[in-house]
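A.B. asks: Model the structure of this input:
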Amino acid sequence: MPGEASAEPVNVDATRMTPNTPQRVSRQMQMSASASFSFSGPLPPPEVLAKYNDVIPNGAERIMKMAEGQQSHRQGLEKTVVEGNVKSERRGQWMGLFISTIVIGAGTYLAATGHQTTGGLLVSVNVVALAGVFVYGKHQQRQELEGKKEQFKRK
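C.D. replies: Residues are numbered from 1 along each chain as shown. As a prediction, this is how the structure comes out:
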């Protein structure tokens, strides 16, 4: 009969409810929430770092010492690598000078003893090789510099 209330539950689509829809509609909602937290770098943010003191006595200080130790270790390794590269380059330059001096001396000796063609060829090849090494080294330096510029631009 019109106007009578029904005792049966009413299923109504909540998206189609209007201000005239009866208030006896029951709805169940389930909500869930999740949160995530991340950081990058050697140290956590100060808020998180301070919470370590609640879990571990002097936890924040221990983490700071660990990060400082890791930084010192990394800097020591980098210093060793750079010094090794410099020594290697210097040794190569001295060896090149020594070998070139011997080759030029031998070419000069050959030219002075009547073998001008052989002596001249030996000295010429030596000079061309030295120039080639110099040009190749400069080319490599330019390529490395350009590569570093590109990496810096990407960051």
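A.B. asks: Pull out the buried positions in the helix or strand that contains Leu122.
C.D. replies: According to DSSP states H and E, Leu122 maps onto helix 116-154. Neighbour-count burial for helix 116-154 flags Gly119, Leu122, Val123, Asn126, Leu130 (criterion: 16 or more other CB atoms under 10 Å). Any C-beta I mention is one placed from the backbone N, CA and C, and that applies to glycine too.
A.B. asks: who's in contact with the second one?
C.D. replies: Right, Leu122. Contact analysis of Leu122 by CB atoms under 8 Å, 6 or more residues apart in numbering lists Val103, Ala106, Gly107, Leu110.
A.B. asks: and if you look at the last one?
C.D. replies: Contact analysis of Leu130 by CB under 8 Å, 6+ apart lists Gly96, Ser100.
A.B. asks: Number the residues from 26 up from this point.
C.D. replies: Shifting the count to begin at 26 puts that one at Leu155.
A.B. asks: Next, find the distance separating it from Gly84.
C.D. replies: Counting by CB to CB, to the nearest Å, the gap from Leu155 to Gly84 is 60 Å.
A.B. asks: now Ser57, what's its secondary structure?
C.D. replies: Under the three-state scheme (DSSP: H, G, I helix; E, B strand; the rest coil), Ser57 adopts coil.
A.B. asks: That one - how many residues pack around it?
C.D. replies: Around Ser57 there are 4 other residues, counting by other CB atoms under 10 Å.
A.B. asks: before we move on, back to that, how far does the helix holding Leu147 sit from the chain's center?
C.D. replies: 28 Å (CA atoms, centre = their mean, to the nearest Å).
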